[in-house]
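Peer 1: here are the coordinates; sequence isn't available:
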């Protein structure tokens, strides 16, 4: 199973880039993208940035992922939902 988690390019050196998601940084190949730039939002699979996405779509996807993660936490701890 693969989740498409949007990541922001924060640095590019040759064909490798540093991407960031919520403060977690990883290296990814930029070889499959046309003209990647620092500040672009991308989808990464198997260590390769495979597609650019616009920032609004990236932020919306990240919001949905955070909400889904919170639902899992709330299901495991019913008291957490009551206390917020």
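Peer 2: Cool, the structure landed. Source: prediction; values computed, not measured.
Peer 1: CA atoms for contacts and neighbours, from now on please.
Peer 2: OK.
Peer 1: any idea which element residue 63 lies in?
Peer 2: Element membership for residue 63, per DSSP states H and E: helix 55-76.
Peer 1: which elements pack onto that helix?
Peer 2: strand 6-13, helix 78-83 (3 or more CA pairs under 8 Å, 6 or more residues apart in numbering; DSSP states H and E).
Peer 1: need the contact partners of the first one.
Peer 2: Residues from elsewhere that reach strand 6-13, judged by CA atoms under 8 Å, 6 or more residues apart in numbering: 17-21, 37-44, 53, 58-59, 61-62.
Peer 1: partners of it, with directions?
Peer 2: Its sheet considered, strand 6-13 pairs with strand 16-21 (antiparallel), strand 41-45 (antiparallel) by DSSP bridges.
Peer 1: show me how to select, in PyMOL, the buried members of the contacts of strand 6-13.
Peer 2: Buried members of those can be picked out in PyMOL with the line below, counting by 16 or more other CA atoms under 10 Å:
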select buried, resi 17+18+19+20+40+41+42+43+44+53+58+62
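Peer 1: good, wrapping up.
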